[in-house]
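A.B. asks: Let me see the structure of the following:
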Amino acid sequence: MRLTISLILFVLITSCNQNNTSSISNVLSKEDFIEIMAQSDLFDIRFKDLNGYLKDSMLMESKNELYKKYNINDSLISIAISHYAKSNQADAISEEIKKRTIEILDGRMTK
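C.D. replies: Residues are numbered from 1 along each chain as shown. Next up, the predicted model:
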């Protein structure tokens, strides 16, 4: 089991190091990344009061539906998070995610 987890982590780390800006943006645009992360933040808010297995299941199902919409998977999200965290745009992107999350919440509250 540990070997499998170690192997998966190694592949993810290696993949992160091999991907550059153009390969990330070819699969997932910065705008889509911001939208996905904002939606993910909203899932975390929506399910914050749930506990244990139920919370994990609801989060996983919601995020999987979102990933299907964008034709991606959680591995690509992990790579994109790592890429943007290492970039000189990390703070700006983080602010854009917060701004988008607030826009979505404001839109829901005015309906």
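
A.B. asks: Which parts of this protein are helices?
C.D. replies: Secondary structure of the chain (DSSP state H): helices at 2-18, 21-27, 30-46, 52-69, 74-86, 90-110.

A.B. asks: Got phi/psi on Asn71?
C.D. replies: phi 60, psi 50 (degrees, to the nearest 10).

A.B. asks: What is the burial count for it?
C.D. replies: 9 (other C-beta atoms under 10 Å). All C-beta atoms are positioned from the backbone trio N, CA, C, and that covers glycine.

A.B. asks: got it, and Ile45?
C.D. replies: 11.

A.B. asks: So it versus Ile81, what's the distance?
C.D. replies: Distance of Ile45 to Ile81, given as C-beta to C-beta, to the nearest Å: 18 Å.

A.B. asks: residue contacts, Leu105?
C.D. replies: Residues counted as contacts of Leu105 (C-beta atoms under 8 Å, 6 or more residues apart in numbering) are Leu42.

A.B. asks: Swap in 10 Å and give it another go.
C.D. replies: 38, 41-42, 45 (C-beta atoms under 10 Å, 6 or more residues apart in numbering).

A.B. asks: Name only those of the residues you listed that count as buried.
C.D. replies: Neighbour counting by 16 or more other C-beta atoms under 10 Å classes 38, 41-42 among those as buried.

A.B. asks: nearest to Arg108, of these?
C.D. replies: Leu42 (8.9 Å; C-beta to C-beta).

A.B. asks: Could you double-check that the closest one sits in contact with Thr101?
C.D. replies: Yes. Taking C-beta atoms under 10 Å as the definition, Leu42 is a contact partner of Thr101 at 6.3 Å.

A.B. asks: ok, the residue nearest to Tyr84 when sequence neighbours are not counted - how many residues close by?
C.D. replies: What sits nearest to Tyr84 in space, not counting adjacent residues and going by C-beta to C-beta, 6 or more residues apart in numbering, is Ile93, at 5.2 Å. Ile93 has 17 neighbours, counted by other C-beta under 10 Å.

A.B. asks: I am finished for the moment; much appreciated.
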